[in-house]
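Q: Kindly return the folded structure for what I paste below:
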Amino acid sequence: MRFYDQLINESAPGAVQAVPATTTVPSSEYPRVYADGRATFRINLPLAKSVRLEGGQGLCPKPIPMTKDADGNWAVTLPPTVMGFHYYWFNVDGVRTNDPGSETFFGYNRETSGIELPDAQQISSDLVTAPVVPFYAPHKGSLQGQLHEHWYESAVTGQWRHYIVYTPPGYDDAANSATRYPVLYLQHGAGEDETGWSRQGGVNFIIDNAIQGISSSFFAASAAKAKQMIVVMDNGYATYKMGAGSESRDPYVNYLPASMRAGIEAFGDVMVKELIPRIDRTYRTITDRDHRAMAGLSMGGAQTLAVALPHLDMFSYIGTFSGAQFVTPRTSSGATPQPFDPKTSYGGVFSDAADFNSKVRLLWMGAGTAEMELSESLRVNAGKLRAANIRVAEFHTPGVAHEWQTWRICLNKFAPLLFQA
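A: Sure, this is the predicted structure:
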């Protein structure tokens, strides 16, 4: 049972009202989560001298010492913490160690423990009678879309690549066999991979619920239902095969370090030359620019801008979630980039507001208020765009950091705005 179902059966108040997290493996009792938002972590390490809990920005920005009991169990209980998914690990005598009691997820460039915490503000801490199922979980009676995995050999990279595709409820029904769908290309962040949005993010449930107009929290999607859509999640890492590609070919990525610049250029070629044509051949897509969107979180936001802005003939909806902020290209000497200038940045794509606004139906940018530098940078640069008469939607999620809860909420807000024109 999911946590929200389990809590219905819990009647004891206070400290004993806890159940294993949904991310806790079936053979373990810890980590445990409480209805008031607390979480207890425990690991048996009788020979360890020091154990600390470490992890993502929203869970424990600083290492937290754990306490050892007579049986060699190290434990700590966190006070009510930001809801959602958090990466974490144990530091055991200076060695980073995953929790054997938890599932692992690809993050921080490795398999990493993760925990899902409920919303303490929506569940009574004394007696649970009506737990609220969040927008990123399946709802009773709702229709479900499907996730599909694909492999292909890339001519751009010379390597096999893997991507995941979400199709909406009813896509495979005979009655819909002639129906064609718009497509959202959705990218993960640095240190993660193409599984992030489906495993950590709950993308299929977010889109399912948005399509059906199901909401359950303060962060509910807009009143309009999302259009049925296909969502494509590709691996964001790419390098040209030996002898292919060229440096600084694209002015939209010149501001990046050389290593990252080459990778984003290669990824852009994969997207434009291979992935999009492959999706259009394999799935029943609507192939014009008005039915194609791209968005991404963190590094995926940088990729979105680098791919979509120079290809406005292919994309008319663009979104970044805690994404790279607008900057001007590097000088030939590699000097520090100057502040964003709509007249010159990104090849001058924003310099003609009327032309940009006629092509881009939605430029949407979001961040969490707890990722303060990104949030403030977004305020400043979105203000510059508006001063240049560029239409931009700006969203700041209160209290969340550079973590999956921010990006879930961003997608939940972004998806219903797509393909509505």
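
Q: Just the element for E376, please.
A: Assessed by DSSP states H and E, E376 sits inside helix 372-387.

Q: tell me the average confidence for the helix or strand just after that helix?
A: Sequence order places strand 393-397 as the next helix or strand after helix 372-387, per DSSP H and E. Mean per-residue pLDDT for strand 393-397: 95.

Q: now the angle from the helix or strand following strand 393-397 to helix 372-387?
A: For strand 393-397, the following helix or strand on the C-terminal side (DSSP H and E) is helix 404-414. Helix 404-414 runs at 20 degrees relative to helix 372-387, counting by axes from the mean of the first three to the mean of the last three C-alpha atoms, to 10 degrees.

Q: Please work out which residues outside helix 404-414 touch it.
A: 58, 82-86, 135-136, 186, 189, 200-203, 206-207, 210, 219-222, 295, 297, 319, 321-322, 364, 366-368, 371, 395, 397, 400 (C-beta atoms under 8 Å, 6 or more residues apart in numbering). (Each C-beta comes from the backbone N, C-alpha and C, glycine too.)

Q: pLDDT averaged over it, what's the number?
A: On average, helix 404-414 scores 96.

Q: Extract the CA atoms of that helix and return them as PDB.
A: Output of helix 404-414 as PDB, limited to C-alpha atoms (Å, rounded to 0.1, in the frame of the first residue of the first chain):
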ATOM      1  CA  TRP A 404      12.300  17.300  -7.300                       C
ATOM      2  CA  GLN A 405       9.300  18.900  -5.500                       C
ATOM      3  CA  THR A 406      10.100  22.200  -7.300                       C
ATOM      4  CA  TRP A 407      10.300  20.500 -10.600                       C
ATOM      5  CA  ARG A 408       7.100  18.500 -10.100                       C
ATOM      6  CA  ILE A 409       5.200  21.600  -9.200                       C
ATOM      7  CA  CYS A 410       6.700  23.400 -12.200                       C
ATOM      8  CA  LEU A 411       5.500  20.700 -14.600                       C
ATOM      9  CA  ASN A 412       2.100  20.600 -12.900                       C
ATOM     10  CA  LYS A 413       1.800  24.400 -13.700                       C
ATOM     11  CA  PHE A 414       3.400  24.200 -17.100                       C
END
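
Q: Could you point out which residue ranges in the protein have low pLDDT?
A: For the chain, applying pLDDT under 70 flags the ranges 1-16, 120-131, 216-223, 243-262, 324-338.

Q: How is it divided into domains?
A: Following automatic domain parsing, one gets these domains for the chain: 3-122, 146-417.

Q: where along the stretch 201-350 of the chain do the strands fall?
A: Using DSSP state E, counting those that start in this stretch, the strands of the stretch 201-350 of the chain run over residues 230-234, 292-297, 317-321.

Q: Among these, which comes closest to D71?
A: Closest of these to D71 is strand 292-297, at 41.3 Å (criterion: C-beta to C-beta).

Q: what residues does that closest one touch?
A: With C-beta under 8 Å, 6+ apart, strand 292-297 has contacts from 182-189, 236, 276, 286, 301-304, 307-308, 314-323, 362, 364, 407, 410-411, 414, 418-419.

Q: ok, now with 6 Å
A: 183-187, 189, 303-304, 308, 315, 317, 319, 321-322, 407, 418 (C-beta atoms under 6 Å, 6 or more residues apart in numbering).

Q: Please convert the buried members of the contacts of helix 404-414 into PyMOL selection syntax.
A: Selection of buried members from the contacts of helix 404-414 for PyMOL, criterion 16 or more other C-beta atoms under 10 Å:
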select buried, resi 58+82+83+84+85+86+135+136+186+189+200+201+202+203+206+207+210+219+220+221+222+295+297+319+321+322+364+366+367+368+371+395+397+400
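
Q: Identify, from the contacts of strand 292-297, the entry nearest to A266.
A: Q303 (10.8 Å).
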